[in-house]
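Trainee: Next input, structure requested:
(chains A and B)
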Amino acid sequence: MPEAEPIISAVEIDKFFGTFQALKNVNLTVDQGERVVICGPSGSGKSTLIRCFNGLENHDAGQLVVDGIDVHADSKEIRALRQDVGMVFQQFNLFPHLTVLENLTIGPIKVRKISKVEAEERARKYLNRVHIPEQADKYPAQLSGGQQQRVAIARSLCMETRVMLFDEPTSALDPEMINEVLDVMVELANSGMTMVCVTHEMGFARKIADKMVFMEAGEIVEVAPPEKFFTKPDSARCRAFLDQILEH
Amino acid sequence: MPKFLQRLHWLDYVILVVIAVFITAISLRIGGALNYNWRWDRIPNYILRWKESEGKWVANLLLQGLVTTIRVSIYAGILAVILGTALGMARCAKNLTIRLLARTYLEFLRNIPPVVIMFIFFFFLSEQLIVALNIESWARGIARQENNGMWEFFFGDMRRFPSLISGVIVLALFESAFVGEIVRAGIQSVPLGQREAARSIGMSGLQEMRYIVLPQAMKKVTPPMANQFITLVKDSSIISLISVQELTFKTVELVASTRMIFEAWIVTAGFYFIICFGLSLLFRRLER
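Mentor: Modelled structure (predicted):
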């Protein structure tokens, strides 16, 4: 296999919120086409880390290169970066004043500057992919949580990004809606999309992950392929965490 | 018996009767003490007047004033929304200098009485800006032209254009401070997640404002904004002090020449009330 540039490369990243250190000396690479799942107890810095990946947070020390762009640079470069790095949020963050279709087309039209017709065609294609083509003309508030999150995924897809970041995409959902979102994410993973997911859904992680990352207290404690990660992780802390959430 | 009467309790009747007795007593007392000669019959003539020489109805003092008040309110309202939106955005800017400038402007306007502000601005506007831009002679030029119907429709008598425009600017500057605060509150009421979502699809700061934040903010601030617009209509009466010939100014003129103090001011109050109450009904309907 040819050695390609990793699409995300984080070297010795530190991040502070005031005096609280949210990330401590974090090293992580994500290769093209790789699916990385980050897990760990809440407050361990998982979300902060992936928010650094598209510049929603700025790290304080270390080097972070995403998609060939040094994230810490001026805002113009950050914008170019964000067009190639999609993000799906825990709270969906759909635009409530726009219809589903407009939510999906506003980025391509205003940022990518493609025509409205083309953007709508693209939007319908991705709505099909998340299995809700019939909801195109509704407003987000008229949809269920699971549908909203699938629209949010489609919104990211419409930007045709090279990487997708998922920040606990199922944590705000009612239990019966989690699977419809996870199914879409599995299909996405199988299509070869590069993904970085922060999630507590270990069944899903097992199914799609190439690389499992365990974080605690701002540090990466363990990085391992899933088969090793779920059966015999090196660190005791990781084992304790897994025991806790896999118990049920 | 109508339905609303059935809903009244006997105590409500007692209250209503007491109020009626009170009002009657007061008005009888005034009628006796003031010895005022009411001349209501002359009022309509000061609203619309039959002009013999041209053979048509023309607006007289009160109606002229009312039209000017409406013009001034609309232009100042539009200008105040534009300035206020910019100000509100500046109040939320990342750049500290911009934020401080906006804050300074706001605090000055908010903590000085409007009349004082008006005199200060007016001196600057009329003595400096109007002169520098040569607006006076430009307006006179238009006033002399034959086909100035369009200009007259929008701005009334063009010879008074400099004073009208000064009044509009002064009023807009003053109101923009309050509009700015309303817009700022609206912007800050849009959840942070919305802005992050906008940024994460690669929008610039301006695009984020224009397509995501402002549309949501404006929807939320419609009620206080409507309220502010009504306040603006009422505040417009103070520009009578710089000789803008709006309703209050014309009423002062009318009272000075006819001594119909109560009739004129009651009619003027009625005009203001109709505009403002009409606006509040309109906005209430729009909100739904």
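Trainee: What residue, apart from its backbone neighbours, is nearest B:A185 spatially?
Mentor: B:V221 (6.8 Å; CB to CB, 6 or more residues apart in numbering or on different chains). Backbone N, C-alpha and C define where each C-beta goes, glycine included.
Trainee: can you give me the helices for chain A?
Mentor: For chain A, the helices defined by DSSP state H cover A:46-53, A:75-84, A:100-110, A:116-129, A:145-158, A:175-190, A:202-208, A:226-231, A:236-246.
Trainee: Name the helix or strand of the chain that has the lowest mean pLDDT.
Mentor: Just going to use chain A. Of all helical and strand segments in chain A, the minimum by mean pLDDT, DSSP states H and E falls on helix A:75-84, at a mean of 83.
Trainee: Just want the angle from it to helix A:46-53.
Mentor: With axes from the mean of the first three to the mean of the last three CA atoms, to 10 degrees defining the directions, helix A:75-84 sits at 120 degrees from helix A:46-53.
Trainee: Tell me if helix A:75-84 is near chain B.
Mentor: Yes - counting by CB under 8 Å from any CB of the partner chain, chain B is contacted by helix A:75-84 at A:75, A:79-80, A:82-83.
Trainee: Just put the helices of chain A in JSON lines and tack on mean neighbour count.
Mentor: Listed next are those as JSON lines, based on neighbours: other CB atoms under 10 Å in any protein chain shown:
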{"stretch": "helix A:46-53", "mean neighbour count": "24"}
{"stretch": "helix A:75-84", "mean neighbour count": "18"}
{"stretch": "helix A:100-110", "mean neighbour count": "23"}
{"stretch": "helix A:116-129", "mean neighbour count": "16"}
{"stretch": "helix A:145-158", "mean neighbour count": "25"}
{"stretch": "helix A:175-190", "mean neighbour count": "17"}
{"stretch": "helix A:202-208", "mean neighbour count": "17"}
{"stretch": "helix A:226-231", "mean neighbour count": "15"}
{"stretch": "helix A:236-246", "mean neighbour count": "14"}
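Trainee: Quick one, grab the pLDDT at the residue of chain A positioned farthest from its centre.
Mentor: Residue farthest from the centre of chain A, counting by CA atoms, centre = their mean, is A:V117 at 28.2 Å. Looking at A:V117, its pLDDT is 94.
Trainee: do the same with A:Y139
Mentor: Predicted confidence (pLDDT) at A:Y139: the value is 94.
Trainee: What confidence value was assigned to A:F20?
Mentor: For A:F20, the pLDDT comes out at 91.
Trainee: hey, what's it bridged with?
Mentor: Note on A:F20: beta-bridge partners A:F17, judged by DSSP bridges.
Trainee: all helices for the stretch 101-250 of chain B, in order.
Mentor: Here the stretch 101-250 of chain B has its helices, by DSSP state H, counting those that start in this stretch, at B:114-124, B:130-132, B:135-144, B:149-155, B:161-189, B:192-200, B:205-207, B:214-235, B:247-258.
Trainee: To A:K113, which of the ones you listed lies closest?
Mentor: helix B:205-207 (11.4 Å; CB to CB).
Trainee: What residues of that closest one count as buried?
Mentor: When burial is assessed from 16 or more other CB atoms under 10 Å in any protein chain shown, helix B:205-207 yields the following buried residues: B:205, B:207.
Trainee: can it be found next to chain A?
Mentor: Yes - using CB under 8 Å from any CB, helix B:205-207 reaches chain A at B:205, B:207.
Trainee: from the chain's centre, how far out does that helix sit?
Mentor: Per CA atoms, centre = their mean, to the nearest Å, the displacement of helix B:205-207 from the mean C-alpha position of its chain is 31 Å.
Trainee: Which pLDDT value belongs to the closest residue to A:R206 other than its chain neighbours?
Mentor: Excluding its sequence neighbours, the residue lying closest to A:R206 (CB to CB, 6+ apart) is A:P226, at 5.4 Å. Looking at A:P226, its pLDDT is 89.
Trainee: cool, B:N35 as well?
Mentor: The model's pLDDT for B:N35 equals 73.
Trainee: again with A:E247
Mentor: As predicted, A:E247 sits at a pLDDT of 68.
Trainee: Distance check, the residue farthest from the centre of chain A against chain B.
Mentor: For A:V117, the distance to chain B equals 19 Å [CB to the nearest CB, to the nearest Å].
Trainee: what mean pLDDT does stretch A:6-16 have?
Mentor: Here the average pLDDT along stretch A:6-16 is 91.
Trainee: Contacts only, for the closest residue to A:L173 other than its chain neighbours.
Mentor: Excluding its sequence neighbours, the residue lying closest to A:L173 (CB to CB, 6+ apart) is A:G145, at 4.8 Å. Residues near A:G145 by CB atoms under 8 Å, 6 or more residues apart in numbering or on different chains: A:92, A:172-174, A:177.
Trainee: Can you name the two of those residues that sit furthest apart?
Mentor: Using CB to CB, the two most remote members of the contacts of A:G145 are A:F92 and A:D174, lying 13.2 Å apart.
Trainee: ok, the two, which is more surrounded?
Mentor: Ranked by neighbour count (other CB atoms under 10 Å in any protein chain shown), A:F92 and A:D174 place A:F92 first, with 22 against 10.
Trainee: Please look at the more buried one and A:S144 and confirm they touch.
Mentor: No - A:F92 lies out of contact with A:S144 (CB atoms under 8 Å); the separation is 11.0 Å.
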